[in-house]
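# One predicted model, sequence on top.
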Amino acid sequence: MQIDPSQVLVIITTHPNNTVDYSVLHYLDSKNVPRKNITVAGGKGSIVEKRNTLVKDILSKQDNRPELSWVLFLDEDVTPTELTNPIWDSVDFDIVGCEYDLPPEKKAWVYPDTFHMGCVRVRIELFRKLKLPVFMFEYNEEGTRITSCECGYFKRKALEVGASITRREYAEHTAGKTWVHTA
């Protein structure tokens, strides 16, 4: 069963330059996502801070947009393709991630329920069950080494409240393509 694109809020997180690859917008158009449902979160501040702020905003404004049931998080350098289409299925899962290339030294896709925030769909209702912050990097006691990325932290919190997680197919993770300025 396919998700209704009008029920999806797409959040594209960017670095301070607020640029998004044209192919991302083209893909979202091909899926009939209404433009009013696409948000570009750029500017200063960390991506983790932006995501936590956006989740807080989504929950506070949900009564004004009751038709929204899902959030699709995309990073500016992750490009959905036709291989990404299964992310629009799997309505039985609260979190649906999409695999994409990471530096070869990273063991990022070892477990079948591993996902990363660069391309992941989340049921909005799940956020209501979680205490903020939803996303956070965790560090060793000395604060010198990351022990868990924001994705791992979010996954643990989601599993604690009984969330269901799966990973579907593939998206491109590239840089240096043709960009459109969105600010």
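Structure's in. What do you need?
# hmm, who's touching the longest helix along the chain?
As assigned by DSSP state H, the longest helix anywhere in the chain is helix 47-61. Applying C-beta atoms under 8 Å, 6 or more residues apart in numbering, the contact partners of helix 47-61 are 9, 11, 13, 39, 41, 68, 71, 73, 75, 117, 124, 127-128, 132-137, 150. Where you see a C-beta, it was placed from the backbone N, CA and C, and this is true even at glycine.
# Quick check: mean pLDDT of it?
For helix 47-61, the mean pLDDT works out to 87.
# Partner strands of the next helix or strand after it, with direction?
Downstream of helix 47-61, the first helix or strand assigned by DSSP states H and E is strand 70-75. Partners of strand 70-75 in the sheet, by DSSP bridges, are strand 8-13 (parallel), strand 119-123 (antiparallel).
# that older thread, which residues in the longest helix of the chain does the neighbour count mark as buried?
47-48, 50-52, 54-55, 58 (16 or more other C-beta atoms under 10 Å).
# Relative to the whole chain's centre, how far out is it?
12 Å (C-alpha atoms, centre = their mean, to the nearest Å).
# Specify the angle between that helix and strand 70-75 in degrees.
Interaxial angle of helix 47-61 relative to strand 70-75 (axes from the mean of the first three to the mean of the last three C-alpha atoms, to 10 degrees): 160 degrees.
# contacting residues around the spatially most central residue of the chain?
The residue lying closest to the centre of the chain (C-alpha atoms, centre = their mean) is Phe73, at 2.3 Å. Phe73 makes contacts with 11, 13, 51, 117-122, as judged by C-beta under 8 Å, 6+ apart.
# Type out the ChimeraX command that picks the buried ones from these.
Of these, the buried ones go into a single ChimeraX selection, burial set by 16+ other C-beta under 10 Å:
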select :11,13,51,117,118,119,120,121,122
